[in-house]
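Undergrad: After the sequence you'll find the predicted model.
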Amino acid sequence: MFMTLFAVLLVLWLLGFFAFHVAGGLIHLLLIIAVISLVMHFFRGRTA
């Protein structure tokens, strides 16, 4: 689940970063959330 969330947020960040140059702070917030979800995935492992 975390990998899917990471992939979706990363794609949205890339799309927002390269396609739309509005709401720059919000776009970087998506990247931070994506990285946090990826780190949580690696710390929790596959025990879920």
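TA: Received it, and whenever you're ready, just let me know what you need.

Undergrad: Number of residues surrounding residue 6?
TA: Using other C-beta atoms under 10 Å, residue 6 has 19 other residues around it. Using the backbone N, CA and C atoms, a C-beta is placed for each residue, glycine as well.

Undergrad: Give me the next element, helix or strand, following whichever strand or helix holds it.
TA: Assessed by DSSP states H and E, residue 6 sits inside helix 2-18. Going down the chain from helix 2-18, the next helix or strand is helix 24-44, by DSSP H and E.

Undergrad: mind listing what's buried in that following helix?
TA: Within helix 24-44, the residues that count as buried by 16 or more other C-beta atoms under 10 Å are 27, 30-31, 33-34, 37-38, 41.

Undergrad: Quick check: the gap between the residue nearest to residue 3 when sequence neighbours are not counted and residue 6.
TA: Leaving aside its chain neighbours, residue 3 sits nearest to residue 41 (6.0 Å; criterion: C-beta to C-beta, 6 or more residues apart in numbering). Per C-beta to C-beta, to the nearest Å, residue 41 is found 7 Å from residue 6.

Undergrad: Over to residue 42?
TA: As for residue 42, its distance to residue 6 is 10 Å (criterion: C-beta to C-beta).

Undergrad: joint contacts of those two?
TA: Common contacts of residue 42 and residue 6 (C-beta atoms under 8 Å, 6 or more residues apart in numbering): none found.
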